[in-house]
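**Q** Give me a model of this one.
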Amino acid sequence: MPRYDYARSGNPTRDFLEKQIAQLEQGTRGFAFASGLAAIHAVLSIFKPGDRIIVGDNIYGGSYSQLNEFFTRWGVVVESVNTQDIAALEAAVKGDRANGIAPAQAVYFETLTNPLLKVNDVRAISATARRYGALSIVDNTFVTPYLQQPLSLGAVESLAELPCRMTHFELPREERLKVGITDELVRLSLGIEDAADLIEDLGQAFDIAYEQYLKRHADCDVFAQLTEEAFA
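**A** This is a model prediction of the structure:
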């Protein structure tokens, strides 16, 4: 039977893309999916009921929901831990056989977390997981194999978002607050645009927002209110 007998089971264009991904990631195989969550779902589907996965406490909201709302229904045990604290991570991965808690099957984390941009020590986390026979599952979305290369110029974009209403709206508020995603947190992702232009853009936006605030609160003493809040 010909290798490419049906587009869904393989085609040369996708094969080429997957080979390039593997090369960029310095891996042996690459797989292309229609979305990031589809890729994550495929990887997590290797686990069975009773398996325990240690998950970084600051991850993309969609990943959080998939793990905690979907895979837990299959009986997969999801345990959150600060992956920057290697001692705490090791204790979680190791488990407690005396109390019937076997070592974890995997550690799931992000290289640069979404949205707080915490930097995880991939080498240390992977070594800890390997010590107890656990897999390391890494979401490298923010860094990408391209950005890890010395000659990278970065992403040509600027992004502003309110995580509590956008990327992390699915997380319960108390869970967001635990990891520092407050209702006031605004995330800026800056590409290779000119720094002076970005500062000017932000400045005029803040000026307009302040003018609108004054119009809506014309009867209040804004300065007094802000002063009281600052020194309360």
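
**Q** give me the low-pLDDT residue ranges for the chain?
**A** Applying pLDDT under 70 to the predicted model, the residue ranges of the chain that meet it are 1-2, 144-162, 166, 187-194, 217-232.

**Q** go with 50
**A** Counting by pLDDT under 50, the chain shows low-confidence ranges at 148-159.

**Q** tell me the domain ranges of the protein?
**A** The chain resolves into domains spanning 1-32, 36-156 when parsed by automatic domain parsing.

**Q** so how far is the shortest one off the chain centroid?
**A** In other words, domain 1-32. For domain 1-32, the distance from its own C-alpha centre to the chain's C-alpha centre is 26 Å (CA atoms, centre = their mean, to the nearest Å).

**Q** buried residues in it?
**A** Buried positions in domain 1-32, judged by neighbour count with 16 or more other CB atoms under 10 Å: none. The C-beta positions use only the backbone N, C-alpha and C, and glycine is treated the same way.

**Q** With stretch 88-104 instead?
**A** Of the residues in stretch 88-104, those with enough neighbours to count as buried (16+ other CB under 10 Å) are Leu89, Glu90, Ala92, Val93, Lys94, Gly95, Pro103, Ala104.

**Q** Adding distance to Arg8, write those out as TSV.
**A** Rendered in TSV, the data for the buried residues of stretch 88-104 read as follows (distance: CB to CB, whole Å):
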residue	distance to Arg8
Leu89	39
Glu90	42
Ala92	39
Val93	37
Lys94	42
Gly95	40
Pro103	38
Ala104	34
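
**Q** tally of neighbours for the closest residue to Val119 other than its chain neighbours?
**A** In space, Val119 comes closest to Leu112 once its chain neighbours are excluded; the distance is 6.1 Å by CB to CB, 6 or more residues apart in numbering. By the other CB atoms under 10 Å criterion, the neighbourhood of Leu112 contains 16 residues.

**Q** Redo the domains of the chain as JSON lines? Include distance to Leu185.
**A** Listed next are the domains of the chain as JSON lines, based on distance: least, CB to CB, whole Å:
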{"stretch": "domain 1-32", "distance to Leu185": "31"}
{"stretch": "domain 36-156", "distance to Leu185": "7"}
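
**Q** closest to Phe206 out of those domains?
**A** With CB to CB as the criterion, Phe206 lies closest to domain 36-156 of the domains of the chain, at 20.4 Å.
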